[in-house]
Each structure stands twice: as C-alpha cells, then as structure tokens.
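Engineer: What follows is a protein structure lacking sequence information:
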C-alpha cells in the first residue's frame with residue numbers, strides 16, 4: 001500500500017484526484033487529503049508517506065528545497081499538481097508532474113516511473129516496451145534537446161529525465177543517440193525531417 005498526500009486547497013481538485021488514485025489499475029494507494037501547511041507538516045511527521053502531490057502555489061508558494069531539507073531523509077517523492085499555467089522553472093525541482101488534464105494512462109505512467117526510479121533491471125515482459133513518457137523523452141532526444149531542455153518541456157526534474165533515459169537504454173539495449181534515432185524512425189515516433197542534424 002502506497003500512502004499519497006494530496007496538498008491542494010480546492011476540494012473539487014483534491015477529492016477528484018483522491019478518487020482517481022483509488023481507481024488506478026495495479027496500484028494500491030491510500031490518498032490523504034490536506035488543506036493547510038500545518039496539516040501537511042503534521043501528516044509528514046506522524047505518518048509514513050510515499051508520495052506528496054502538491055500544487056506549487058499551495059500555502060502561497062510551496063518551497064520544494066525547504067521540504068527536501070526538512071523531510072528528504074524520509075524518501076518522499078514530490079509531484080507537482082498542475083492546475084493551470086505554471087512557469088516551467090517552478091516545477092523543475094519536483095520529481096514529476098501531474099496535470100488536471102492528464103488521463104488515467106498518463107497518471108499511471110508517471111507514477112510507475114516514480115516507483116521504478118530505483119529499479120536496476122527492467123522486468124521481463126516490460127523489456128522493449130516504452131511507456132508514453134519514455135516515448136516523449138526519446139522524441140526529444142532525437143530532436144537534439146538537452147536533458148535540461150527536455151525537463152523544461154515536459155515539466156520534469158533533470159534527475160527524472162536522466163532516470164528515464166537510463167531506463168530507456170536498458171529496455172531497448174540502445175546506448176547511443178544514433179541508435180535511438182533509428183528506433184524512433186522505425187517505430188514512427190518521429191519523421192525524418194524532424195530529426196536534428198540528420
């Protein structure tokens with residue numbers, strides 16, 4: 001069972017996300033809804049939490065750096081809950097992002113990626129099969145984007161992009177941009193004219 005805290009002031013968004021998380025296939029999650037910073041701090045001190053999903057504007061501004069200083073030792077993943085336009089630089093320090101516009105498959109893909117960040121080898125039936133997020137990363141790589149540019153484009157941290165790239169290399173057994181480019185073209189992820197410096 002994964003314990004997930006949702007820190008959001010809107011009851012509609014907070015409760016809606018909690019209900020969606022309970023319905024995710026192959027995940028056993030117990031969402032905990034919090035409305036204030038004091039409630040969040042109490043929750044983090046008294047309970048074991050696996051994932052914190054927080055609106056970057058929670059309590060006026062959620063300080064990810066301060067959170068990691070205070071609670072980083074607990075190994076909590078921090079996910080930005082995007083409910084409107086957010087400056088990409090504000091979410092670069094988060095482990096992942098979830099948008100209110102994401103469908104169930106996208107949320108599953110993102111949460112799976114968080115769970116798999118410490119996995120060294122892909123599971124047998126997953127080898128060679130890329131998630132939607134991994135395909136997005138491949139497309140960005142073959143278009144010549146740097147890890148930082150990919151992170152900004154997809155609202156991820158640079159660390160998460162690097163982890164995705166490692167997982168992609170292991171799944172496909174491809175360790176070069178040229179190899180990924182061929183893979184992307186063959187699998188119709190990109191067209192020839194989209195590839196930089198071809």
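Structural biologist: Perfect, thanks for sending it. For clarity, every value in this text was computed on a predicted model and none was experimentally measured.
Engineer: Only C-alpha atoms from now on, for both contacts and neighbour counts.
Structural biologist: Fine.
Engineer: what's the helix or strand for residue 5?
Structural biologist: Remark: residue 5 resides in strand 2-7, with elements defined by DSSP states H and E.
Engineer: no wait, residue 52
Structural biologist: Here residue 52, judged by DSSP H and E, is contained in strand 51-54.
Engineer: who does that strand pair up with?
Structural biologist: Strand 51-54 has the following sheet partners, assigned by DSSP bridges: strand 2-7 (parallel), strand 77-82 (parallel).
Engineer: for that strand, what is the average pLDDT?
Structural biologist: Across strand 51-54, the average pLDDT comes to 93.
Engineer: Let me know the next secondary structure element after it.
Structural biologist: Next in sequence after strand 51-54, counting helices and strands by DSSP H and E, comes helix 64-71.
Engineer: coming back round to it: the strand holding residue 5: what's the following helix or strand?
Structural biologist: Following strand 2-7 in sequence order, the next helix or strand is helix 11-22 (DSSP H and E).
Engineer: Buried residues in that next one, which are they?
Structural biologist: Buried residues in helix 11-22, defined by neighbour count with 16 or more other C-alpha atoms under 10 Å: 14-15, 17-18, 21.
Engineer: Stretch 183-196 too?
Structural biologist: Buried residues in stretch 183-196, counted by 16+ other C-alpha under 10 Å: 183-185, 190, 195.
Engineer: mind listing what residue 51 touches?
Structural biologist: 2-5, 76-79 (C-alpha atoms under 8 Å, 6 or more residues apart in numbering).
Engineer: For the buried ones among those, write the corresponding PyMOL selection.
Structural biologist: A single PyMOL command is used to select the members of the contacts of residue 51 judged buried by 16+ other C-alpha under 10 Å:
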select buried, resi 3+4+5+76+77+78+79
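Engineer: Show me what the longest helix along the chain packs onto, helices and strands only.
Structural biologist: Ordering each helix of the chain by length in residues (DSSP state H) puts helix 158-172 first. Contacts defined by 3 or more C-alpha pairs under 8 Å, 6 or more residues apart in numbering; DSSP states H and E place helix 158-172 against helix 132-142, helix 147-154.
Engineer: Quick check: buried residues in the longest one?
Structural biologist: Under the neighbour-count criterion of 16+ other C-alpha under 10 Å, helix 132-142 has 133-135, 137-142 buried.
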